[in-house]
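Visitor: sequence and predicted structure are below.
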Amino acid sequence: MTQPLSKANFTGSVLGVSAPPKPGMLHLGIGNFHRAHAAVYTAKAMAAQGGDWGIVAVANRSRRVVGALDAQDHLYSILELSSAGERVDVMDVHRKTLVAAEQTDQLIAQIADPAIKIVTMTISENGYCRHPVTGDLDVDGDQISADLADPANPRTSIGQLGAALIGRYSDEAGPLTILSCDNLVSAGHTAHKMVSQYLQATATPSGFHDWFTAQVTFPNAMVDRIVPGTTDATRAKVEQLLGLTDAIPVPAERFSMWVIEDKFAAGRPAWEEGGAIFSDEVEAYELVKLRLLNGSHSLISYLGGLDGQPTIPSSFGQDFVRECVTELLNTEYLPSIGLPSGFDPQAYIAQLFDRWSNHALGDATARVGSDGSLKLLQRVPDPALRMLDLGEVPQQLALMVAGWIACVCPPDGFDPGPIAAEMIEPAKDRLAAATAGAGSTRAHVEAIVRGGFFPEALAQRDEFTERVADFVQIITTSGVRDAAKAALDARRA
Ligand code: CS2
């Protein structure tokens, strides 16, 4: 039987550093993305320039990853997959693990420890507890109201950060940077707004807010690397390449990008050594990535999902999907973005086409289609409103919303098929409640678009809702390919 990955069993060299130094960073949300992204840049930064930047890895609830990290002396592997072949790297950058739900006091104390200078986070769009209509912290929602009622035992990451910041202030533990690594518009500003609104709603010691304003920073950042979920095939391939069993390998594409605003309150690793870019134009990069990559990704996943395509490359391999995405990119997304200086959009798009065609990586259609109610908020309303204000209906954005509805909350009698069934939608019950009793496709779609799932400004645009309803009607009666054709024809007419 193959031996497990551990320091005793692994004799090769790790990527970055071996024996990571004392922790100077803590990461909330120890999923695959962090382990193939910020962790890699941090390892390379420490290898090049040293620094006490070992990472405390924090899982929200599940013991699965942290248990395996502990069992493997914090080692894990990254399996890079591309048409050029595969390679495996072993990482050693985490020093300690915690599970927030079980060790809340330790987590709060750890963030308040003066040795910690940066908290990074990948808590997904869901973790920010933002109200979908107002964009403010959802203080009346179940999660935040529970934390506000019992602020010493917070369950949300926002509440945990709130409690830890108060602890840090009281202990005079010094300044801190909180760096969001999620796919959000103005990720740093959004994280700052959610944490500030939480702290405004809870009791804080005197002088706290001045300290918070002066000593805690939230840089914006654009993060990018396609990192699918781990499968048995990932584990088998790593076992074959390493000769050891890794319970938690991470598959990833070769491409990786991180553009960060250099606004750190207490120092930072030399991430530029790993290829990170420090820039004053981060928000422009964020929009480029959120729309051109993530927004198109959503369209690929809903069109492909309804067409029975299990992977992003198989979906993108369909001509009708490629045509719709090309149209979305060139007529609906690109004109909506003030591009960063020197940025070549067509080269970026050509590279995206390659990345979406990575069959070796085989990113699952259902992964990208999951959490649509939260992701679409970052990807649809602003560019849609821009076109509506110009008197044009954004056909592809309407098609994307229609595809999402058809996959996760279809009108009665329509079965979107097995790929859609694998998509995880946190708002599923609310969507079902909102649409119960809708007598027509039009009423079904109105109940969603106007039912608290999108900002008011978009919900009020009848021409958009109507077009979404047209597409849902076509998808459910004659199929997704006909709906795509109608979207392309409307534009050409
Ligand atoms: C994807 C992203 O989940 C999604 O919707 O678009 O996870 C995407 O793969 C990453 O943001 C790539 O950096």
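Guide: Yes, it's here.
Visitor: contact residues of the stretch 51-200 of the chain facing the ligand?
Guide: The stretch 51-200 of the chain comes close to the ligand at residues residue 183, as judged by Cβ under 6 Å from any ligand atom. Any C-beta I mention is one placed from the backbone N, CA and C, and that applies to glycine too.
Visitor: where does the stretch 351-493 of the chain dip in pLDDT?
Guide: Counting by pLDDT under 70, the stretch 351-493 of the chain contains no low-confidence residues.
Visitor: show me where it has helices.
Guide: Taking DSSP state H, counting those that start in this stretch, the helices of the stretch 351-493 of the chain run over residues 365-369, 372-379, 381-389, 395-408, 418-422, 428-435, 441-449, 456-459, 462-478, 480-492.
Visitor: want to throw those helices into a markdown table with distance to the ligand?
Guide: Below are the helices of the stretch 351-493 of the chain laid out as a markdown table (distance: least, Cβ to the nearest ligand atom, whole Å):
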| stretch | distance to the ligand |
| --- | --- |
| helix 365-369 | 4 |
| helix 372-379 | 5 |
| helix 381-389 | 16 |
| helix 395-408 | 11 |
| helix 418-422 | 14 |
| helix 428-435 | 17 |
| helix 441-449 | 19 |
| helix 456-459 | 19 |
| helix 462-478 | 20 |
| helix 480-492 | 19 |
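Visitor: how about those in a markdown table, adding mean neighbour count?
Guide: Listed next are the helices of the stretch 351-493 of the chain as a markdown table, based on neighbours: other Cβ atoms under 10 Å:
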| stretch | mean neighbour count |
| --- | --- |
| helix 365-369 | 25 |
| helix 372-379 | 23 |
| helix 381-389 | 18 |
| helix 395-408 | 28 |
| helix 418-422 | 17 |
| helix 428-435 | 15 |
| helix 441-449 | 22 |
| helix 456-459 | 16 |
| helix 462-478 | 21 |
| helix 480-492 | 19 |
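Visitor: and the helices in the stretch 1-150 of the chain?
Guide: Using DSSP H, counting those that start in this stretch, helices in the stretch 1-150 of the chain cover 32-36, 38-49, 64-71, 104-111, 142-149.
Visitor: briefly note if the longest one comes near the ligand.
Guide: Meaning helix 38-49. No: residues of helix 38-49 are not located near the ligand by Cβ under 6 Å from any ligand atom, the shortest gap being 12.2 Å.
Visitor: got the CA coordinates for that helix in CSV?
Guide: Below are the C-alpha coordinates for helix 38-49, written out as CSV (Å, rounded to 0.1, in the frame of the first residue of the first chain):
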residue,chain,number,x,y,z
ALA,A,38,-2.2,33.0,-2.1
ALA,A,39,-0.4,30.0,-0.4
VAL,A,40,1.9,29.6,-3.5
TYR,A,41,2.7,33.3,-3.7
THR,A,42,3.5,33.3,0.0
ALA,A,43,5.8,30.2,-0.2
LYS,A,44,7.7,31.8,-3.1
ALA,A,45,8.0,35.1,-1.3
MET,A,46,9.4,33.5,1.8
ALA,A,47,11.8,31.4,-0.3
ALA,A,48,13.1,34.6,-2.0
GLN,A,49,13.1,37.0,0.9
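Visitor: and that helix, what's buried?
Guide: By 16 or more other Cβ atoms under 10 Å, the buried positions in helix 38-49 come out as 38, 39, 40, 41, 42, 43, 44, 45, 46, 47, 48.
Visitor: enumerate the residues of the stretch 251-400 of the chain near the ligand.
Guide: Going by Cβ under 6 Å from any ligand atom, the residues of the stretch 251-400 of the chain near the ligand are 294, 297, 368, 375.
Visitor: go again with 5 Å.
Guide: Applying Cβ under 5 Å from any ligand atom, we find that the stretch 251-400 of the chain lies next to the ligand at 294, 297, 368.
Visitor: now do the phi/psi pair for residue 342.
Guide: phi 80, psi 10 (degrees, to the nearest 10).
Visitor: same check, this time on residue 252
Guide: In terms of degrees, to the nearest 10, the main-chain angles of residue 252 are phi -160, psi 160.
Visitor: my read: it touches residue 230, true?
Guide: No: with contacts counted by Cβ atoms under 8 Å, residue 252 stays clear of residue 230, the gap being 10.4 Å.
Visitor: which one of the two has more residues nearby?
Guide: Neighbours per residue (other Cβ atoms under 10 Å) separate residue 252 from residue 230, with residue 252 holding more: 25 against 20.
Visitor: list the contacts of the nearest residue in space to the more buried one that is not next to it in sequence.
Guide: Closest residue in space to residue 252, ignoring its immediate chain neighbours: residue 36 at 4.0 Å, by Cβ to Cβ, 6 or more residues apart in numbering. In this structure, residue 36 makes contact with 78, 225, 227, 250, 252, 256, judged by Cβ atoms under 8 Å, 6 or more residues apart in numbering.
Visitor: now flag whichever of those is closest to the ligand.
Guide: In terms of Cβ to the nearest ligand atom, no member of these lies closer to the ligand than residue 225, at 5.2 Å.
Visitor: I figured the closest one hits residue 250, correct?
Guide: No: between residue 225 and residue 250 there is no contact under Cβ under 8 Å: 10.0 Å.
Visitor: who has more neighbours, those two?
Guide: A count of neighbours by other Cβ under 10 Å puts residue 250 above the other of residue 225 and residue 250, at 28 against 18.
Visitor: bridging residues for that one?
Guide: Beta-bridge pairing of residue 250 under DSSP bridges involves residue 78.
Visitor: touching, it and residue 76? I think so.
Guide: Yes: judged on Cβ under 8 Å, residue 250 makes contact with residue 76 at a distance of 6.8 Å.
Visitor: mutual contacts of the two, please.
Guide: Common neighbours of residue 250 and residue 76 (Cβ under 8 Å, 6+ apart) are residue 35.
Visitor: where do the strands sit along the stretch 201-350 of the chain?
Guide: 216-217, 221-224, 244-245, 250-252, 257-260, 277-278 (DSSP state E, counting those that start in this stretch).
Visitor: other SSEs contacting the first one?
Guide: Which is strand 216-217. Packing partners of strand 216-217 (3 or more Cβ pairs under 8 Å, 6 or more residues apart in numbering; DSSP states H and E): strand 176-180.
Visitor: tell me the strands beside the strand it packs on, with direction?
Guide: Going by DSSP bridges, the partners of strand 176-180 are strand 118-121 (parallel), strand 216-217 (parallel).
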